[in-house]
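Novice: just coords:
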């Protein structure tokens, strides 16, 4: 009963699942669902996840979607996963849940709004909205400030003062890696004021190497392609031309 | 070690926590944090929740915020909570997690955007944005369609075909109750096409009575006051005047 992971490595929650499986030696089959080819909207994929979003998993007859739910499930369903990923201690687990829930309406909301309304929108066939991008950056920066001043309090290298990463570190850092798609100057402007956040990203990368880097290779390649196209200054660039650039 | 629940009954996640405690006979002290009086921004409350949001709990020396994290914690920390609220079965629990995570970026996102940018914004001192209200209603209606066609599939009265409610039913139904603040016609226009959703709201109410109704009394009163003010057609109505209306 091999686990099947439906994913696109351009998607930050997809990468979190793939890295989690690889770091923890979970045997799985990666099934690519290419967002830029609209494969997430195919009827066959909607049989797996009716919401038409990656990631999703199939494990025997069990289907599941939503990346945080998948990470929790994997941490419990497979033997030998180190406790620090999703602690069995009631209090530690509860605070990790608190980070995971906070992520949705804060860091994720800000980052997605910014990136979709700047570099990624055309490739996904979405209408760009400048106001939404500005609002997204505001939410993102406020979220980074909260990570810096609150979630990264304590002596540990990871969230909640832990000495080892949890599924929350993995999920949030994969979210922030999406900023790699943007112009380096913008990326530095956003992350620059947050030294602890930058160090935490590096620590999470190091704790999950070589898998972190390997799973992010496609994103780094996409960045180069997107930036090349954007630097051409083609203001009439269409979704399809960016889409072509990514394949 | 009495549980302290910091809450405002105008807030849908606050109500979910209060109802959960009452239905399950958890002994607790309700500490009101009045959003319309900006008490959530007071330094004393920020010692409890640095994010400045309700609900939050203090249980002995343990502090926690984010309502889904609180519901999970309460279901595990207190003895004798019926298993259906947060099943110990790995697969049942995973699908409930999937609903809870989905809620953030779908039903909650849509409902909050719509209500804050129509009836509730002025009372909270927020700038109204007509475009955001329209977008919110779109996301809300799409979410209701997914609840109707997917989450409420099966023979049970509750989400995921269950015969008894879970913390997901409670959280999502409290979210939808926020629509009670709106004009009845708008509320009917939004919920009208979704008969199974309407029935599920009634079933969740019935399964948690008399506590559901008691905890929602304040919301129903607020509706009457808000509607009275809005019906005066005062287009220059300020946040402070609506705020006064609610106290």
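Specialist: The structure has been received and is ready for your questions. Note that this is a predicted model, so its numbers are computed, not measured.
Novice: how about the helices in chain A?
Specialist: Counting by DSSP state H, the segments of chain A that form helices are A:12-23, A:43-48, A:67-77, A:90-103, A:109-115, A:121-124, A:130-146, A:167-177, A:184-191, A:195-207, A:211-231, A:239-245.
Novice: in a markdown table, list these along with mean neighbour count and distance to chain B.
Specialist: C-betas here are computed from N, CA, C, even on glycine. A markdown table is the format used below for the helices of chain A (neighbours: other C-beta atoms under 10 Å in any protein chain shown; distance: least, C-beta to the nearest C-beta, whole Å):
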| stretch | mean neighbour count | distance to chain B |
| --- | --- | --- |
| helix A:12-23 | 24 | 10 |
| helix A:43-48 | 13 | 10 |
| helix A:67-77 | 23 | 4 |
| helix A:90-103 | 22 | 4 |
| helix A:109-115 | 22 | 8 |
| helix A:121-124 | 20 | 15 |
| helix A:130-146 | 17 | 7 |
| helix A:167-177 | 25 | 11 |
| helix A:184-191 | 14 | 20 |
| helix A:195-207 | 16 | 15 |
| helix A:211-231 | 16 | 21 |
| helix A:239-245 | 16 | 20 |
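Novice: lowest average pLDDT across these?
Specialist: For those, mean pLDDT drops lowest on helix A:239-245, to a mean of 43.
Novice: so residue A:124 sits against residue A:35, correct?
Specialist: Yes. Between residue A:124 and residue A:35 there is a contact at 6.6 Å, judged by C-beta atoms under 8 Å.
Novice: sorry, back to before: would you list the helices of chain A in TSV and tack on distance to residue A:6?
Specialist: Formatted as TSV, the helices of chain A follow (distance: least, C-beta to C-beta, whole Å):
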stretch	distance to residue A:6
helix A:12-23	8
helix A:43-48	6
helix A:67-77	10
helix A:90-103	21
helix A:109-115	19
helix A:121-124	18
helix A:130-146	27
helix A:167-177	16
helix A:184-191	29
helix A:195-207	24
helix A:211-231	15
helix A:239-245	20
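Novice: who touches residue A:196 in this structure?
Specialist: Neighbouring residues of residue A:196 by C-beta atoms under 8 Å, 6 or more residues apart in numbering or on different chains: A:147-148, A:152.
Novice: arrange these in CSV, one row each, with pLDDT, neighbour count and distance to residue A:29 as further columns.
Specialist: Output for the contacts of residue A:196, formatted as CSV (pLDDT from 0 to 100; neighbours: other C-beta atoms under 10 Å in any protein chain shown; distance: C-beta to C-beta, whole Å):
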residue, pLDDT, neighbour count, distance to residue A:29
A:147, 98, 22, 34
A:148, 98, 17, 38
A:152, 98, 19, 35
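Novice: can you list these in CSV and add distance to residue A:216?
Specialist: Output for these, formatted as CSV (distance: C-beta to C-beta, whole Å):
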residue, distance to residue A:216
A:147, 20
A:148, 23
A:152, 22
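Novice: partner residues bridging the closest residue to residue A:14 other than its chain neighbours?
Specialist: In space, and not counting its chain neighbours, residue A:14 is closest to residue A:7: 3.6 Å by C-beta to C-beta, 6 or more residues apart in numbering or on different chains. Beta-bridge partners for residue A:7, by DSSP bridges, are residue A:32.
Novice: test my guess that residue A:7 contacts residue A:49.
Specialist: No. Residue A:7 is beyond contact range of residue A:49, at 11.3 Å (criterion: C-beta under 8 Å).
Novice: before we move on, back to that, tally of neighbours for the residue nearest to residue A:14?
Specialist: Residues lying near residue A:7 (other C-beta atoms under 10 Å in any protein chain shown) number 26.
Novice: residues in contact with it?
Specialist: The contact partners of residue A:7, taken as C-beta under 8 Å, 6+ apart, are A:14-15, A:17-18, A:30-33, A:54-55.
Novice: again, only this time at 7 Å
Specialist: For residue A:7, the contact set (C-beta atoms under 7 Å, 6 or more residues apart in numbering or on different chains) comprises A:14, A:17-18, A:30, A:32-33, A:54-55.
Novice: before we move on, the earlier item: between the contacts of residue A:196, which sits nearest residue A:193?
Specialist: Nearest to residue A:193 among the contacts of residue A:196, counting by C-beta to C-beta, is residue A:148 at 8.1 Å.
Novice: need the contact list for residue A:126.
Specialist: Listed by C-beta under 7 Å, 6+ apart, the contact set of residue A:126 reads residue A:116.
Novice: report pLDDT for it.
Specialist: 80.
Novice: that one and residue A:6, how far apart?
Specialist: 21 Å (C-beta to C-beta, to the nearest Å).
Novice: kindly report the same for residue A:56.
Specialist: Taken as C-beta to C-beta, the span from residue A:56 to residue A:6 is 4 Å.
Novice: what sits in contact with each of those two?
Specialist: By C-beta under 7 Å, 6+ apart, residue A:56 and residue A:6 have these common neighbours: residue A:48.
Novice: more crowded one of these two?
Specialist: Taking other C-beta under 10 Å, residue A:56 and residue A:6 do not tie; residue A:56 has more neighbours (27 against 24).
Novice: which strand residues bridge that one?
Specialist: In this entry, residue A:56 is beta-bridged to residue A:6, residue A:65, by DSSP bridges.
Novice: need the contact list for it.
Specialist: Per C-beta under 7 Å, 6+ apart, neighbours of residue A:56: A:6, A:48-49, A:63-65.
Novice: now residue A:183
Specialist: Contacts of residue A:183 (C-beta under 7 Å, 6+ apart): residue A:227.
Novice: before we move on, what about residue A:72?
Specialist: By C-beta under 7 Å, 6+ apart, the residues touching residue A:72 are A:86, A:167, B:94, B:97.
Novice: distance of the last one relative to chain A?
Specialist: Applying C-beta to the nearest C-beta, to the nearest Å, one obtains 4 Å for the distance of residue B:97 from chain A.
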